[in-house]
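**Student:** sequence below, structure please.
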Amino acid sequence: MLAILFGLLGIFSTNGFSENPKAFPVSDTIRLSKKKIDYDTSHYLTVNRIFIIGNNKTRDQIILRELSLHQGDVVDSTELILILERDKKKLYNTRLFNKTDVRTLEFEPGKIDILVDVNERWYTFPTPRFELSDRNFNEWWENYNHDINRVVYGIKLYQYNMRGRNETLLITALLGFQRKLSLIYRVPYLNKKQKSGLIFDFDFSEAKNVAYRTLDHILVYEKSRSLQEYSTLTGLTYTYRNSFYQTHSLRAEYSTDWISDSILFKNENYFGPGIRRQYYGGLTYQFLSEHRDVVAYPLNGYQTLAIISKSGLGLGDNLNKFEINLSLANYKDLKNGFYFSNYANAYWSTSHGVPYANYSALGYRKQFVKGYETYVIEGPYYFLNKATLKKRVLARKINWELMPRGFEYIPLAIYLKTYCDLGYVKNYPYYEENNFNTRLSNTLLAGVGGGFDIVASYDLVLRLEYTMNIQGKNGLYFHIKKEF
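**Tutor:** Purely as a prediction, here's the structure:
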């Protein structure tokens, strides 16, 4: 029962909280000798021993995988502090620990010992779910009159760091407006070199309420007492992390989808004329270059992501779609609590012969221009840029010793911000030929405004924003999780 109560803290999180050393003050838990260490700029040091403490479950090799220095390595003393700071951030980004510290323990002539001190998180979250089925809170509130019947409910079981090897198991069972059962199992390290990994996922969903068409960039639903759609998806992903900062992945998947006669009658282009069942295999290659200081809420560094995907492999598949997605996120610490970030995304996909169910669009997940949260703007090509300037106004950490291990550190940070988003979506030929869903496509999209972010435990980020868009619409928007 206690695990369920603390699992509530993970309701809005899928990965746990990674503490940002700049967002929250960090204090040492082990006091070293007060003797001042003078670094000889011409001196090289040999790593003698590495000590790891605080890892009650996590295996030593998972921690050692993130360290740049190993026993027997030789390091220039002038580079030591920078190397240790980078390793500390890499350990944060494993999302296994609330606190990490990497430092020198003592010196001998020409030798150095390294101490790694970690505070492990709570790894098991049986989390009750009660959430909206819509894309975001604003769409539910404005487009669908905050209808309480549009919620989904159930449970998610997060089991992180299984076997102490940073493996993850996620089981989801949801009922309500839509039904879903999914399983994800992630094994990041298959071999002793800890470079290769596997991810297996399975997803089954069914719905009596289906968005069968988009009118004026708003999803229109078919509501029924009988089943209108079901789908299954099985995927296997191979990952290769050759360096600390770069990961390659290759995913193979197979999808099957079925719709009722009612959906086909209302939109013959849902899967294509006369098609009630869609099935196809897919291949996706992804390259990720991750140099952000803390993934949960970055303030410095950059990330590059490239994705190439092919849906329909010519083996009797009735879908043929090719996609390329490129994004670059930059974060800059301007000092004195000011931070600037910019996110740019370019997307291209097949424009002809793609059915409605497989349309691409701005408006899903984090891909939207602020001020257009209530719209779905579909098109085979789009560009998106988000620029944000923020000021940290509060950063606190409470050490609550009465809480169970993994919850005793309660961080809180607040950032005031201003922003400008720009976007452009090229419309689908099908919409242009039939002259609908054209109001927001093929034109500049822009939104400016201000607000604040609240950053708390276990990756919880609450965003409240007031935005004005170029079409003249103003509004207050609420989001959960970081922007990008």
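
**Student:** not counting sequence-adjacent ones, nearest residue to residue 179?
**Tutor:** residue 206 (5.0 Å; C-beta to C-beta, 6 or more residues apart in numbering). Quick note: C-beta positions are derived from backbone N, CA and C, even for glycine.

**Student:** the one you found pairs with what?
**Tutor:** Here residue 206 sits in beta bridges with residue 179, residue 230, as judged by DSSP bridges.

**Student:** how far away is it from residue 192?
**Tutor:** To residue 192, residue 206 is 43 Å away according to C-beta to C-beta, to the nearest Å.

**Student:** my read: the residue nearest to residue 179 touches residue 227, true?
**Tutor:** Yes: here residue 206 reaches residue 227: they are 5.9 Å apart, a contact under C-beta atoms under 8 Å.

**Student:** one step back: so residue 206 and residue 192 - more neighbours on which side?
**Tutor:** Between residue 206 and residue 192, counted using other C-beta atoms under 10 Å, the more crowded position is residue 206 (16 against 7).

**Student:** which element is residue 420 on?
**Tutor:** strand 409-426 (DSSP states H and E).

**Student:** what's that strand packed up against?
**Tutor:** Applying 3 or more C-beta pairs under 8 Å, 6 or more residues apart in numbering; DSSP states H and E, one finds that strand 409-426 makes contact with strand 361-362, strand 377-378, strand 381-399, strand 444-455.

**Student:** what angle do it and strand 444-455 make?
**Tutor:** In terms of direction (axes from the mean of the first three to the mean of the last three C-alpha atoms, to 10 degrees), strand 409-426 departs from strand 444-455 by 170 degrees.

**Student:** avg pLDDT for strand 409-426?
**Tutor:** For strand 409-426, the mean per-residue pLDDT is 92.

**Student:** chain center to that strand, what's the gap?
**Tutor:** 15 Å (C-alpha atoms, centre = their mean, to the nearest Å).

**Student:** after it comes which helix or strand?
**Tutor:** helix 429-434.

**Student:** using PDB, write down the CA coordinates of that following helix.
**Tutor:** C-alpha atoms of helix 429-434 as PDB (Å, rounded to 0.1, in the frame of the first residue of the first chain):
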ATOM      1  CA  PRO A 429      -3.000  17.200 -51.800                       C
ATOM      2  CA  TYR A 430      -6.200  15.400 -50.700                       C
ATOM      3  CA  TYR A 431      -7.300  18.300 -48.500                       C
ATOM      4  CA  GLU A 432      -6.400  20.900 -51.200                       C
ATOM      5  CA  GLU A 433      -8.300  18.900 -53.900                       C
ATOM      6  CA  ASN A 434     -11.400  18.800 -51.600                       C
END
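
**Student:** what's that helix in contact with?
**Tutor:** Contacts with helix 429-434, where a contact means C-beta atoms under 8 Å, 6 or more residues apart in numbering, come from 269, 351-352, 378, 437-438, 441.

**Student:** turn the helices and strands packed on strand 409-426 into CSV, including distance to residue 423, mean neighbour count and mean pLDDT.
**Tutor:** Converted to CSV, these look like this (distance: least, C-beta to C-beta, whole Å; neighbours: other C-beta atoms under 10 Å; pLDDT from 0 to 100):
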stretch, distance to residue 423, mean neighbour count, mean pLDDT
strand 361-362, 6, 23, 93
strand 377-378, 8, 23, 97
strand 381-399, 5, 17, 92
strand 444-455, 4, 19, 96
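
**Student:** I'd like those strands written out as TSV, with distance to residue 93 added.
**Tutor:** Formatted as TSV, the helices and strands packed on strand 409-426 follow (distance: least, C-beta to C-beta, whole Å):
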stretch	distance to residue 93
strand 361-362	28
strand 377-378	33
strand 381-399	19
strand 444-455	16
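
**Student:** tell me which of the ones you listed sits nearest to residue 263.
**Tutor:** strand 377-378 (17.6 Å; C-beta to C-beta).

**Student:** show me the strands in the stretch 201-350 of the chain, by range?
**Tutor:** Using DSSP state E, counting those that start in this stretch, the strands found in the stretch 201-350 of the chain span residues 209-215, 218-223, 229-240, 246-259, 277-290, 301-311, 321-335, 338-349.

**Student:** for residue 473, find the nearest of the ones you listed.
**Tutor:** strand 218-223 (13.2 Å).

**Student:** strands of the stretch 51-200 of the chain, start to end?
**Tutor:** Using DSSP E, counting those that start in this stretch, strands in the stretch 51-200 of the chain cover 74-76, 97-108, 111-120, 124-132, 151-162, 167-176, 178-187, 196-207.

**Student:** ok, which of those strands comes nearest residue 55?
**Tutor:** strand 111-120 (5.5 Å).

**Student:** what helices or strands is the closest one leaning on?
**Tutor:** Using 3+ C-beta pairs under 8 Å, 6+ apart, strand 111-120 sits against strand 44-53, helix 80-92, strand 97-108.

**Student:** distance between stretch 339-357 and the chain's centre?
**Tutor:** For stretch 339-357, the distance to the chain centre is 17 Å (C-alpha atoms, centre = their mean).

**Student:** err, stretch 469-484, not the other one
**Tutor:** Using C-alpha atoms, centre = their mean, the offset of stretch 469-484 from its chain centre is 19 Å.

**Student:** any idea of the mean pLDDT for that stretch?
**Tutor:** 90.

**Student:** quick one: residue 54 from residue 62, how far?
**Tutor:** 13 Å.

**Student:** of those two, which one has the most company?
**Tutor:** The neighbour comparison of residue 54 against residue 62 (other C-beta under 10 Å) goes to residue 62, with 21 against 18.

**Student:** mind listing what's buried in stretch 97-109?
**Tutor:** 97-105 (16 or more other C-beta atoms under 10 Å).

**Student:** from these, which is closest to residue 134?
**Tutor:** residue 98 (32.7 Å).

**Student:** looking at it, the closest one is touching residue 119, isn't it?
**Tutor:** Yes: Residue 98 is in contact with residue 119 according to C-beta under 8 Å; the separation is 4.6 Å.

**Student:** for residue 43, which of the helices and strands packed on strand 409-426 is the nearest?
**Tutor:** strand 381-399 (36.0 Å).

**Student:** count of neighbours near residue 295?
**Tutor:** 19.

**Student:** state the distance from it to residue 326.
**Tutor:** Taking C-beta to C-beta, one finds residue 295 at 19 Å from residue 326.

**Student:** likewise residue 236?
**Tutor:** Residue 236 is 25 Å from residue 326, by C-beta to C-beta.
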